[in-house]
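*Asks:* Fold the following, please.
(chains A and B)
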Amino acid sequence: MAMRQTPLTCSGHTRPVVDLAFSGITPYGYFLISACKDGKPMLRQGDTGDWIGTFLGHKGAVWGATLNKEATKAATAAADFSAKVWDAVTGDEVLTLAHKHIVKCVNFTQDSNCLLTGGNDKVLRIYDLSKPEAEPQEISGHTSAIKKALWCNDDQQILSAAEDKTIRLWDRNTGEAVKTLSFEASVSSMEYIPDGEILVITYGRTIAFYKAHTLDPIKTIDAPASIHSASLHPDKDFFVAGGDDFKLYKYDYSTKEEMESYKGHFGPVHCVRFSPDGELYASGSEDGTLRLWQTAVGKTYGLWKCVLPEWFEVKWYAVEKPNVPVHGGDGNQRLQCLQHNKAILYTIQDRQ
Amino acid sequence: MKTPVSVLRLPRGPEPNSRGFDPNSPRYIALCPTTIPASQGNKADSVNLEEEQQLRSELRECFLRSLIAMTDKQVQFNLYEKVQVQAKFGASDIDVLNFQVSDLQTPLGVQKEALLRCQDMISYSFHL
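*Replies:* From the prediction side, this is the model:
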């Protein structure tokens, strides 16, 4: 019996949410940072959406935000011509990196030692965070404002998307462009999946998947509306996308079929990302909210609770004998309830 | 008609008067060394801890007395963006977040009464 998705709304921002990023999985769970035009990026607990803190210091709209894997550092890119690095545990500002124009995106290397920035001055910059006063390495080539820049291929290469309707792959050491992809429209978002080396990009109504090393196309899918952002599930079985029509779409990655669409936001969806464990995805919208959506609707996770309605006949099966329904059993028996499309495991105590 | 998934509660929102990052959260305690190096150690360091506390209280007292000494004096404030302003210092709030000043000389004219945010200051100086 299918259940209806209940998105969790995270309020607090007062202007559109334009970017969001998850950390990796840490001993304290995983975290989420949101960039907002109100200039106050926020850190939240990833699985519940609970607010942890607000990074105060930027004097303009924050266009990009990111966390390192361990969620100990955060970086933000803002319209005040600066990128800032923050201590994500204390909320303190650690570094301000002055730029000559609006900064749009920031990205840490896997070891958190280098920060990549890109923005309206069309130049990619690499900062060594152990030597912040040193001049950054600069990579030029784009002919319009850079919207998104990411480290890839074990931080040896850089992928950048700009308003000049190109995506360029750069060698980090030589600063040379290795490959350029041109599009009919400006790319609205980019996501890099290291495991599998897949690049997810969106432009117009299209969600496209490319091999990150070679920029060879894998597949494209056309959505019903203009898409601003898409994200591929870590297991690569589905992806989600959102855009101008305020809805979130869920697609089967292998078959390219639209599986579900969800309404909820009151404005265009600007960013969407899967959590590192794939159990939920977060979306940020023009309406100033972040929403968390379950991947497996109805599963008990985070703040969502699976409640079995009493009037359904629930069939219980012993894990060791999956074909024989049982009623009762001793305290040590592990039972399995088949509901929705996934099995949920309960012990006898839970069931009572 | 599909039943909506139940939710334990809604995600907690921001606190109105705080920027968050609760210092009592397990993550903060585990990842942030305390600012008093001696307090991290074992019992043998308790002597050092006491000494350090002593020095810290002396410094704090010195700072508070400097604020008293500054009252009604002309103070030069160095702010960000290479801005310098001069004013007569009145008082500080309890958390030293704001300074109340009079006759603040700004590039736009003289402000009879003003509140300067301490986070905007790089340094300030006055003659004793």
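*Asks:* quick one: secondary structure of residue 59?
*Replies:* Using chain A. Secondary structure assignment for residue A:59 (DSSP: H, G, I helix; E, B strand; the rest coil): coil.
*Asks:* My question was about chain B, not that one.
*Replies:* State at residue B:59, reduced to three classes by three-state DSSP: helix.
*Asks:* Could you list the contact residues of chain B toward chain A?
*Replies:* Residues of chain B found near chain A (C-beta under 8 Å from any C-beta of the partner chain) are B:2-15, B:19-23, B:25-28, B:30-32. Any C-beta I mention is one placed from the backbone N, CA and C, and that applies to glycine too.
*Asks:* In helices only, show me those.
*Replies:* Among those, the members falling in helices (DSSP state H) are B:26, B:27, B:28, B:30, B:31.
*Asks:* How about the contacts made by the first one?
*Replies:* Read it as residue B:26. Listed by C-beta atoms under 8 Å, 6 or more residues apart in numbering or on different chains, the contact set of residue B:26 reads residue A:28.
*Asks:* again, but for residue A:113
*Replies:* Contacts of residue A:113 were listed using C-beta under 8 Å, 6+ apart, and they are A:128, A:129, A:130.
*Asks:* Do you have the helices of the chain handy? List them.
*Replies:* You didn't say which chain, so I picked chain A. Using DSSP H, the helices of chain A run over A:348-351.
*Asks:* try chain B instead
*Replies:* Going by DSSP H, chain B shows helices at B:26-31, B:46-70.
*Asks:* so how far is the longest one from its chain's centroid?
*Replies:* Translated: helix B:46-70. When distances are taken as C-alpha atoms, centre = their mean, to the nearest Å, helix B:46-70 is centred 16 Å away from the chain's centroid.
*Asks:* Just the mean pLDDT for it, thanks.
*Replies:* Average pLDDT, helix B:46-70: 90.
*Asks:* Buried ones in it, by neighbour count?
*Replies:* Neighbour counts over helix B:46-70 (16 or more other C-beta atoms under 10 Å in any protein chain shown) mark B:49, B:70 as buried.
*Asks:* mind listing the strands for the stretch 151-300 of chain A?
*Replies:* A:157-162, A:166-171, A:177-182, A:189-193, A:198-203, A:206-211, A:217-222, A:227-232, A:238-243, A:248-252, A:258-262, A:269-274, A:280-285, A:290-294 (DSSP state E, counting those that start in this stretch).
*Asks:* Just put the ones you listed in TSV and tack on mean neighbour count.
*Replies:* Below are the strands of the stretch 151-300 of chain A laid out as TSV (neighbours: other C-beta atoms under 10 Å in any protein chain shown):
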stretch	mean neighbour count
strand A:157-162	24
strand A:166-171	20
strand A:177-182	15
strand A:189-193	21
strand A:198-203	23
strand A:206-211	21
strand A:217-222	14
strand A:227-232	25
strand A:238-243	27
strand A:248-252	20
strand A:258-262	15
strand A:269-274	25
strand A:280-285	27
strand A:290-294	24
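*Asks:* For chain B, which of the ones you listed is the nearest?
*Replies:* Among the strands of the stretch 151-300 of chain A, the nearest to chain B by C-beta to the nearest C-beta is strand A:290-294 (6.8 Å).
*Asks:* picking up where we left off before, now a ChimeraX select for only the buried ones of the contacts of residue A:113.
*Replies:* Per 16+ other C-beta under 10 Å, the buried members of the contacts of residue A:113 correspond to this ChimeraX selection:
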select /A:129
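*Asks:* So which of the contacts of residue A:113 is the closest to residue A:241?
*Replies:* The shortest approach to residue A:241 among the contacts of residue A:113 belongs to residue A:129, at 33.0 Å (C-beta to C-beta).
*Asks:* Show me the shaky parts of chain B.
*Replies:* Applying pLDDT under 70 to chain B flags the ranges B:33-46.
*Asks:* how about a cut-off of 80?
*Replies:* Within chain B, the stretches with pLDDT under 80 are B:1, B:33-48.
*Asks:* domain assignment for it?
*Replies:* Partitioning chain B according to automatic domain parsing yields domains covering residues B:21-69, B:74-126.
*Asks:* Tell me which of those approaches residue A:101 most closely.
*Replies:* Closest approach to residue A:101 among these is made by domain B:74-126 (17.6 Å; C-beta to C-beta).
*Asks:* gap between the closest one and the chain center?
*Replies:* Computed by C-alpha atoms, centre = their mean, the chain-centroid distance of domain B:74-126 equals 15 Å.
*Asks:* okay, residue A:18: pLDDT?
*Replies:* So, for residue A:18, pLDDT stands at 97.
*Asks:* What about it, how many residues nearby?
*Replies:* 23 (other C-beta atoms under 10 Å in any protein chain shown).
*Asks:* Could you check how far it is from residue A:77?
*Replies:* Residue A:18 sits 10 Å away from residue A:77, going by C-beta to C-beta, to the nearest Å.
*Asks:* shared neighbours, these two?
*Replies:* A:35, A:62, A:63, A:64.
*Asks:* Check the gap between residue A:49 and residue A:9 for me.
*Replies:* 8 Å.
*Asks:* For chain B, which segments count as strands?
*Replies:* For chain B, the strands defined by DSSP state E occupy B:3-4, B:6-7, B:74-79, B:84-92, B:98-106, B:109-117, B:121-126.
*Asks:* Just send these back as TSV, with mean neighbour count too.
*Replies:* Below are these laid out as TSV (neighbours: other C-beta under 10 Å):
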stretch	mean neighbour count
strand B:3-4	12
strand B:6-7	14
strand B:74-79	16
strand B:84-92	17
strand B:98-106	17
strand B:109-117	13
strand B:121-126	13
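*Asks:* Count the residues that sit near the residue lying closest to residue A:11 once chain neighbours are set aside.
*Replies:* Closest residue to residue A:11 apart from its sequence neighbours, by C-beta to C-beta, 6 or more residues apart in numbering or on different chains: residue B:13 at 5.2 Å. Counted by other C-beta under 10 Å, the residues lying close to residue B:13 total 15.
*Asks:* Now for residue B:13: which residues touch it?
*Replies:* Applying C-beta under 8 Å, 6+ apart to residue B:13 gives the contacts A:10, A:11, A:12, A:51.
*Asks:* and with 7 Å instead?
*Replies:* A:11, A:12, A:51 (C-beta atoms under 7 Å, 6 or more residues apart in numbering or on different chains).
*Asks:* In strands, which of the residues you listed appear?
*Replies:* Under the assignment DSSP E, the contacts of residue B:13 contribute residue A:51 to strands.
*Asks:* Let me know whether residue A:230 touches residue A:238 as I believe.
*Replies:* No: counting by C-beta atoms under 7 Å, residue A:230 does not reach residue A:238; the two are 10.8 Å apart.
*Asks:* List the residues that contact residue B:9.
*Replies:* Applying C-beta under 7 Å, 6+ apart to residue B:9 gives the contacts residue A:303.
*Asks:* swap the cut-off to 10 Å and go again
*Replies:* Applying C-beta atoms under 10 Å, 6 or more residues apart in numbering or on different chains to residue B:9 gives the contacts A:8, A:48, A:50, A:303, A:305.
*Asks:* Ok, residue A:153 next?
*Replies:* A:159, A:169, A:171, A:172, A:178, A:192, A:194, A:197, A:212, A:213.
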